[in-house]
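# predicted coordinates and the sequence they were generated for:
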Amino acid sequence: RVYRMTADIALSDVGTRLADDALPLEILTMRGRLVWENVSNGFEIALQKFSLKLNNGLDFQPVDFYLRLAKATDTQPASGEVRADSLELLGLFSLASFLPISSNFRQQLIDFAPSGQVTKLQAKWSGDFNQLQNLDVQAEFDNLALRRVGSIPGFSGLSGQINGNEDAGTLTLHSNNLKLNTPQIMPEPLQFDSLTAKASWQKNDLGYAIQYENVSIENQDVTGIISGSYQTLTDSPGEIDLNVNLTRALVQHSSRYIPLVALKSAGNAWVKQALLNGQSNDFSLILRGNLKSFPFDEKDSGLFQIKASAIGAAIKYHPDWPIIDQGVAKLTIQGRRLETFVTTAVTVGGLLQNVSVVMPDITSANLMLKIRGEAKGKTSHFLDFIQQSPVRGYIDKASDNISAQGSGKLILSLDVPLPNQTTNSNSNEL
């Protein structure tokens, strides 16, 4: 058995197998120096100006590379170290089936499917790939991607630099076409045409203090800045100070950017289905406090607030009721309360004024909308409103044979439960 080998290699048309459970290597060409050594429960391999081309199409350009992997024992966890001047992760991942590594580690590579380019890499770790410990890493990366596995987020298009370990570190991002898949945090995957950021972490007595600043985002939905901090805690989801300020936001896609901690699924579904159109040039979100106390009912326990002004707003506040369209509106979420105040809008041809759509408790299992306002215009428009709303059923279709001329005013006072609720309280004065 070979325990250590150093070789200057210039091979072509060679076949070999590096482990019983590894696939056979069919090498077209191999160039460079290779140093291989068996170490306790693992191996080390060092490559200098090493290039490799396989029969299956894999083609590795000359690289300097060092890798050490050790299996776990009864007293020690698995561990590893890697250094490289330039590394194409997709190629390395594709090579995993041919290497003498544990089946568990090989499967983890298949699950996460890493890709992208890493340069100036130096990293050490212990533990399995999905439970890394004592990680110390320094690298630059471009177009990095990992597939989401379980609760571990996935991403693609990540570019930047990292320098740190378990105690402290810094992360700088300058990414284009970045995609994030974080189902534990956000209601759906997000994509950004551009994202730049600076972040740092520091271990302390409570856990980790994370600072993020100068986070700039832009995509087809939003343009804006994010800043703040986050402190991990052992007895709660953590303490956060998050500030989001957007100079451009499409109202109809608001639900994509509201964290799951802020809105339960029913509330998020209403925002997604109700806000159909409009643009805001003034959107702000503040989330501050211990998330264990969210939505911060007690005085001074924290703050959750969303404010946005919008023009051209279209609101379908309930599937059975007419759309409020062409609105000049303000959206406010404060704690549990959601309110949309529409200064002017149109519904079924009638002019609406000072309409408020309020959800008193967005965390409730029984969501209720309270709608108040008035409309002015042709009386025939108000009859159309009745005909196109559940009011027609409430009055046993009595309006079917009514016609009207002239102008008038419609006073709206509606308490409307969202679907799957059981009660209605409606008052319409014509």
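That came through fine.
# which residues touch stretch 266-273?
187, 254-255, 258, 260, 263, 316, 319, 338, 359, 362-363, 365, 367, 418 (Cβ atoms under 8 Å, 6 or more residues apart in numbering). All C-beta spots, glycine's among them, are computed from the backbone N, C-alpha and C.
# filter these to the buried ones?
P187, S254, S255, I258, L263, K316, L338, M359, I362, T363, L367, L418 (16 or more other Cβ atoms under 10 Å).
# wait, doesn't the third one sit right on L275?
Right, the one you point to is S255. Yes: assessed by Cβ atoms under 8 Å, S255 is found in contact with L275 at 7.5 Å.
# which strand residues bridge S194?
Bridge pairing for S194 (DSSP bridges) gives the partners N176, E218.
# give me the number of residues near it?
14 (other Cβ atoms under 10 Å).
# who's in contact with it?
So S194 contacts S175, N176, L178, S216, I217, E218, N219 (Cβ under 8 Å, 6+ apart).
# which members of these are classed as buried?
S175, L178, I217, E218, N219.
# turn those residues into TSV, columns for distance to Q117.
Below are the buried ones among the contacts of S194 laid out as TSV (distance: Cβ to Cβ, whole Å):
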residue	distance to Q117
S175	13
L178	15
I217	23
E218	24
N219	23
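# and those residues, which is closest to P295?
I217 (24.7 Å; Cβ to Cβ).
# pLDDT at that closest one, what is it?
With respect to pLDDT, I217 has a value of 95.
# hang on, the earlier thing: hmm, which of the buried ones among the contacts of stretch 266-273 is lowest in pLDDT?
L263 (71).
# now do the SS call for that one.
The three-state label given to L263 by DSSP: H, G, I helix; E, B strand; the rest coil is coil.
# what of D20?
coil.
# name the nearest residue to N277, ignoring sequence neighbours.
Distances taken as Cβ to Cβ, 6 or more residues apart in numbering place A314 nearest to N277, at 3.8 Å, with adjacent residues excluded.
# so which strand or helix has that neighbour?
strand 302-315 (DSSP states H and E).
# whichever helix or strand comes after that strand vs strand 302-315, what angle?
Using DSSP H and E, the next helix or strand after strand 302-315 towards the C-terminus is strand 324-334. Counting by axes from the mean of the first three to the mean of the last three Cα atoms, to 10 degrees, strand 324-334 points 180 degrees away from the direction of strand 302-315.
# and the contacts of the following helix or strand past strand 324-334?
Note on strand 324-334: by DSSP H and E, the next helix or strand toward the C-terminus is strand 337-347. Residues from elsewhere that reach strand 337-347, judged by Cβ under 8 Å, 6+ apart: 267, 313, 315, 317, 322-333, 351-362, 373, 375, 385.
# C-alpha coordinates for strand 337-347, PDB please?
C-alpha atoms of strand 337-347 as PDB (Å, rounded to 0.1, in the frame of the first residue of the first chain):
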ATOM      1  CA  ARG A 337     -52.500  46.700  12.900                       C
ATOM      2  CA  LEU A 338     -52.500  47.200   9.100                       C
ATOM      3  CA  GLU A 339     -54.200  50.200   7.500                       C
ATOM      4  CA  THR A 340     -54.400  51.400   3.900                       C
ATOM      5  CA  PHE A 341     -55.800  55.000   3.700                       C
ATOM      6  CA  VAL A 342     -56.800  56.000   0.200                       C
ATOM      7  CA  THR A 343     -57.200  59.800  -0.300                       C
ATOM      8  CA  THR A 344     -58.800  59.500  -3.700                       C
ATOM      9  CA  ALA A 345     -59.600  56.500  -6.000                       C
ATOM     10  CA  VAL A 346     -62.200  55.100  -8.300                       C
ATOM     11  CA  THR A 347     -64.500  52.000  -7.900                       C
END
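# now the buried ones among the contacts of stretch 266-273 in TSV, please, with extra columns for secondary structure and distance to I402.
Listed next are the buried ones among the contacts of stretch 266-273 as TSV, based on DSSP: H, G, I helix; E, B strand; the rest coil; distance: Cβ to Cβ, whole Å:
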residue	secondary structure	distance to I402
P187	coil	44
S254	helix	39
S255	helix	39
I258	coil	43
L263	coil	41
K316	coil	26
L338	strand	35
M359	strand	33
I362	coil	38
T363	coil	42
L367	coil	33
L418	coil	30
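# out of those residues, who's nearest P153?
P187 (13.7 Å).
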